[in-house]
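Engineer: just a sequence and a predicted model for now, questions to come.
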Amino acid sequence: MNRALLITFALILFALAAFANNEVVNPVLLGVNLPVYGRPINVDYTHSFSPMGICTIPPFPPFHDLDVYIAGDTYYEMQHNSTKGRNIAVDPDGGVHIAWTDGITPTYTQRRAKYNYFHIDSVRAGDPSSGWVCGFDGAQADGRDRAGFVNVSVNDYSTVPTVAYHDNRGTENLKSNAAFDAMYYVTGGANRCVFLQSEVGPDPYYVPEWPTFDCVAIWPKIAQLDTTVFMVSTCSNSSDTIPATGEEVGQRVIYYRGFVKDVASVPQLVFEPPIEMVDEQTGITCDLAAWSGEGRTEVAMAFISRDQDIVADPFYCDAPNYYTTLYDAATIMVRRSQDLGETWSPEYYITEPYLHIYSDYPDSIYLGWELDSSVTPPETVHVYRPVYGRPTDFNITYSPEGKLHAVWGEFLMSPHEGWETSTEAPCSVGAWRNISVICHWDEERGVIDTVTYDPMWLFRPPADYRPETTPISQSGPSHEPQVTVDEDGNVFVFWHQRWSEYWWCDQETLFIDNSALNYPNSEIYCAVFSPDSGYWSDPLNISNTFTPGCSTGSCWSEIELTVADRVDDHVHLMFIIDKCAGVYIHEFGEVALADVAYMRLPRHDLVRAAYSGGLISDTTHISERDMPTMPKDYRLGSAYPNPFNAATAFWFDTYKPGHYTVEIIDVTGRMVSKIHDGDLDIGRRRFVWDGMSDNGWYVPSGTYFLRAKDADGNFSTRKVTLLK
């Protein structure tokens, strides 16, 4: 690769290091009182993560050497169109239920809703496939044509799974449907894998103003409390016009409630008539979650509202009367039911509504940074960037205590760049498609914080890395987040990460993890919020597969991730291993059979690895006492680059004034170099280690640890690798 690209890469590394000099910004209270639930929204910048986009290949193996279990395969690697719901559920007995869209043929015209069941106790030594009860490629759950876009839930009382999907028959419109494992229901768990569809399926929803107009409600999301099934779908014919009124149908949210019960001694899944719950949302964003405990039940339905407004732009445009149309798609709305879905609360918002890109406080505003190349040498500067919540990538869950959590993806908008035309410039609004933020909100803290901020706009991939028809749902390298919470209050957020690994080889070639067709190979990443720490961990690469320049059939690209609501001793993941990379059903006609994968991550090891930057099952830490204690008063950041040769830089945040020690130690615990030992005020500073010991000798190649310590003796460590 040419030297200009290498220079660009060097500037990025410089920017990452320089960013560490910036100060921590205090939280800002927006003072918005939630009408029904929650506390005022608090946008907390101290939980934001600094850039992670540039890194060398991590020193741990693919999937951390943990087992990956293959439930089946599919030619239809794209499982969803944005908000995904759940393709995996875990029952109280530790059983794992997985459902997916199975593309039967390479042309993907034939597809089925498939299901498989796994239990770790059934796995025989040396035979991972033995854990699957329904055999390889699972059992068919649907009974009609063209079934797909699948979700699964489980009855906690009897562990009976229900699979939701949409399908059609002949010339009929697509419609939402569902089926349950009737064999397991009848035999009380003695047998599995025989599904029974409802007699006619959920009824279509007809718009009241035009009772013969079928609002084609598809892309279902499902949740379940014992034998009661909750399902929401989105109108797919949103741009159609209702003949009676001339009104567009809109992307309405349609709600279905069903019951698994005996009808004339025969088990059936019976649905009530559908109800319109939301008359307009942005994109296919509605999601469902259910919870029971402490003698009560609750179901939540959430979506991203379409908030269209026309606002003046006197500041950025030459003409004060210039107007532009903006959509504040990050206005996230919630409805709840506490009577098993019979009645629902009014809509209320968990993000600030009616605030736009030109407002003083756009919702989820992020204190970002950019490289100012107009000065010599280039330097990073803080900038306020409005954040536009894209109409996709939304997920909700309940904690074991019944508190609601939500995660969503956003990408930054700019009034200065992108999509300008001669008639609109400089007033047009453009999306920086390579800048993404993942945001999290939870009811208990009432805080919106950024899980990760990915500044990939500094390094723009080649212009032809994807066709012009790329859906906006795939904008940004960090996207499609999923959230789950364990009994200790640890919040786990997973997402897909593109361009996550770079390899600078022989100082001449920069390898990017793209396929031979220039599609990015995605990785699965995770960040953890531990209540013992008060901040998000650095992103941790979960899949860690690196196949740059791969040809069709040989790529490793992990996509379509979903995470089980329930966390036991493990966090449970389902994902697709795409062998031809990209984000489409097929990329330019390239076809490869993809694996449907299941992975279980030990939750305690996952928390430890996320905060220490090590293996999920890492046994190489120097001692248990030096494991990170996740202190609330300071944070030790990751080192870049890592592994390193000449020098590595890292940042150190302090949230409380005091005495701090930052040092380098080797694997025996011996102090190699003392980076800092003294008092520090609140703020952020950058430290550099040049690979030398305090006695002036260059240390040998190997593993070392950054160790930070406060006045009370609390430790936090980061692993770094020196390569010469």
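Structural biologist: The structure has been received and is ready for your questions. Keep in mind the model is a prediction, meaning the values are calculated, not measured.

Engineer: so what's the residue nearest in space to the middle of the chain up against?
Structural biologist: The centre of the chain sits closest to Pro481, judged by C-alpha atoms, centre = their mean, with a distance of 1.2 Å. The neighbourhood of Pro481, defined by C-beta atoms under 8 Å, 6 or more residues apart in numbering, consists of 393, 395, 407-409, 438, 451, 493-495. C-beta here means a position set from N, CA and C on the backbone, and glycine is covered the same way.

Engineer: quick check on Asp605: phi, psi?
Structural biologist: Dihedral angles of Asp605 (phi, psi; degrees, to the nearest 10) stand at phi -70, psi -30.

Engineer: coming back round to it: show me which pair in the contacts of Pro481 is furthest apart.
Structural biologist: Taking C-beta to C-beta as the measure, the contacts of Pro481 span a maximum distance of 13.5 Å, between Trp408 and Phe494.

Engineer: who's more crowded, those two?
Structural biologist: Trp408 (32 against 27; other C-beta atoms under 10 Å).

Engineer: so where's the stretch 51-200 of the chain shaky on pLDDT?
Structural biologist: Counting by pLDDT under 70, the low-confidence segments of the stretch 51-200 of the chain come to 51-59, 170-171, 199-200.

Engineer: is it true that Phe149 touches Trp219?
Structural biologist: Yes: Phe149 lies in contact with Trp219 (C-beta atoms under 8 Å); the separation is 5.2 Å.

Engineer: mutual contacts of these two, please.
Structural biologist: Taking C-beta under 8 Å, 6+ apart as the contact rule, Phe149 and Trp219 both touch 80-81, 166.

Engineer: may I have the strands that pair with the helix or strand hosting the residue nearest to the centre of the chain, each with its orientation?
Structural biologist: Taking DSSP states H and E as the definition, one finds Pro481 inside strand 478-485. Strand 478-485 has the following sheet partners, assigned by DSSP bridges: strand 491-497 (antiparallel).

Engineer: how far is the partner strand from where the chain is centred?
Structural biologist: Between the centre of strand 491-497 and the centre of its chain there are 4 Å (C-alpha atoms, centre = their mean, to the nearest Å).

Engineer: likewise for stretch 290-301?
Structural biologist: Averaging C-alpha positions (C-alpha atoms, centre = their mean) puts stretch 290-301 24 Å from its chain's average.

Engineer: buried sites along it?
Structural biologist: Within stretch 290-301, the residues that count as buried by 16 or more other C-beta atoms under 10 Å are 290-292, 297-301.

Engineer: as CSV, the residues you listed with pLDDT would be great.
Structural biologist: Converted to CSV, the buried residues of stretch 290-301 look like this (pLDDT from 0 to 100):
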residue, pLDDT
Ala290, 97
Trp291, 96
Ser292, 94
Thr297, 95
Glu298, 96
Val299, 97
Ala300, 97
Met301, 96
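
Engineer: show me which pair in the residues you listed is furthest apart.
Structural biologist: Ser292 and Met301 (16.3 Å).

Engineer: how far does stretch 209-224 stretch from start to finish?
Structural biologist: End-to-end distance for stretch 209-224, by C-alpha to C-alpha, to the nearest Å: 31 Å.

Engineer: shouldn't Tyr157 be within a helix?
Structural biologist: No: assignment of Tyr157 by DSSP: H, G, I helix; E, B strand; the rest coil gives coil, placing it outside any helix.

Engineer: hmm, it is touching Thr227, no?
Structural biologist: Yes: applying C-beta under 8 Å, one finds Tyr157 in contact with Thr227, separated by 7.3 Å.

Engineer: show me which of the two is the more surrounded one.
Structural biologist: Thr227 (18 against 13).

Engineer: for that one, list the residues it contacts.
Structural biologist: Thr227 sits next to 155, 157, 160, 259-261 when contact means C-beta under 8 Å, 6+ apart.

Engineer: just the buried residues of stretch 290-301 now: which is nearest Met333?
Structural biologist: Met333 lies nearest to Met301 out of these, by C-beta to C-beta, at 9.0 Å.

Engineer: ranges for the strands of the stretch 201-350 of the chain?
Structural biologist: Secondary structure of the stretch 201-350 of the chain by DSSP state E, counting those that start in this stretch: the strands cover 205-206, 214-215, 217-225, 228-235, 253-263, 266-271, 275-278, 287-293, 296-304, 308-312, 323-327, 332-337, 348-349.

Engineer: between the ones you listed, which one is nearest to Met692?
Structural biologist: Per C-beta to C-beta, nearest to Met692 of the strands of the stretch 201-350 of the chain: strand 332-337, 50.1 Å.

Engineer: so the closest residue in space to Asp568 that isn't next to it in sequence, which of the three states?
Structural biologist: Excluding the flanking residues, the one nearest Asp568 by C-beta to C-beta, 6 or more residues apart in numbering is Gly94, at 6.3 Å. At Gly94 the chain is in coil, as set by three-state DSSP.

Engineer: Gly94 and Arg685, how far apart?
Structural biologist: Distance, Gly94 to Arg685, using C-beta to C-beta, to the nearest Å: 46 Å.

Engineer: again, but for Pro61
Structural biologist: 34 Å.

Engineer: neighbour-wise, which of the two wins?
Structural biologist: Using other C-beta under 10 Å, the more surrounded residue of Pro61 and Arg685 is Arg685, with 16 against 11.

Engineer: show me what the more buried one is bridged to.
Structural biologist: Beta-bridge partners of Arg685, counted by DSSP bridges, are Phe652.

Engineer: where does pLDDT dip in the stretch 251-400 of the chain?
Structural biologist: Scanning the stretch 251-400 of the chain for pLDDT under 70 picks out the ranges 263-264, 306-330, 352-392.

Engineer: for Asp203, grab the count of nearby residues.
Structural biologist: By other C-beta under 10 Å, the residues close to Asp203 number 14.

Engineer: try Asp681
Structural biologist: So Asp681, with other C-beta under 10 Å, has 10 neighbours.

Engineer: likewise for Phe195?
Structural biologist: Counted with other C-beta under 10 Å, residues neighbouring Phe195 total 23.

Engineer: who's in contact with it?
Structural biologist: 115, 139-143, 163, 179-182.

Engineer: how about Val160?
Structural biologist: So Val160 contacts 154, 180-181, 184-185, 227, 260 (C-beta under 8 Å, 6+ apart).

Engineer: ok, so of these, who is nearest Ala597?
Structural biologist: Nearest to Ala597 among the contacts of Val160, counting by C-beta to C-beta, is Val154 at 19.5 Å.

Engineer: all helices for this protein, in order.
Structural biologist: With DSSP state H as the criterion, the chain has helices at 3-19, 182-187, 603-612.

Engineer: does Ser638 touch Ser537 like I think?
Structural biologist: No: taking C-beta under 8 Å as the definition, Ser638 is not a contact partner of Ser537, at 9.8 Å.

Engineer: what about the two, which has more around it?
Structural biologist: Taking neighbours as other C-beta under 10 Å, Ser638 and Ser537 compare with Ser537 leading, 29 against 23.

Engineer: dump the residue contacts of that one.
Structural biologist: If a contact means C-beta under 8 Å, 6+ apart, then Ser537 has 527-530, 607, 610-611 as its contacts.

Engineer: what would the residues you listed look like in a markdown table with pLDDT and distance to Pro346?
Structural biologist: Conversion of those to a markdown table gives the following (pLDDT from 0 to 100; distance: C-beta to C-beta, whole Å):
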| residue | pLDDT | distance to Pro346 |
| --- | --- | --- |
| Ala527 | 91 | 33 |
| Val528 | 92 | 34 |
| Phe529 | 89 | 30 |
| Ser530 | 88 | 34 |
| Val607 | 90 | 37 |
| Ala610 | 85 | 38 |
| Tyr611 | 80 | 40 |
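
Engineer: tell me the most packed of those, by neighbour count.
Structural biologist: Ranked by neighbours (other C-beta under 10 Å), these are led by Tyr611, which has 27 neighbours.

Engineer: cheers, nothing more for now.
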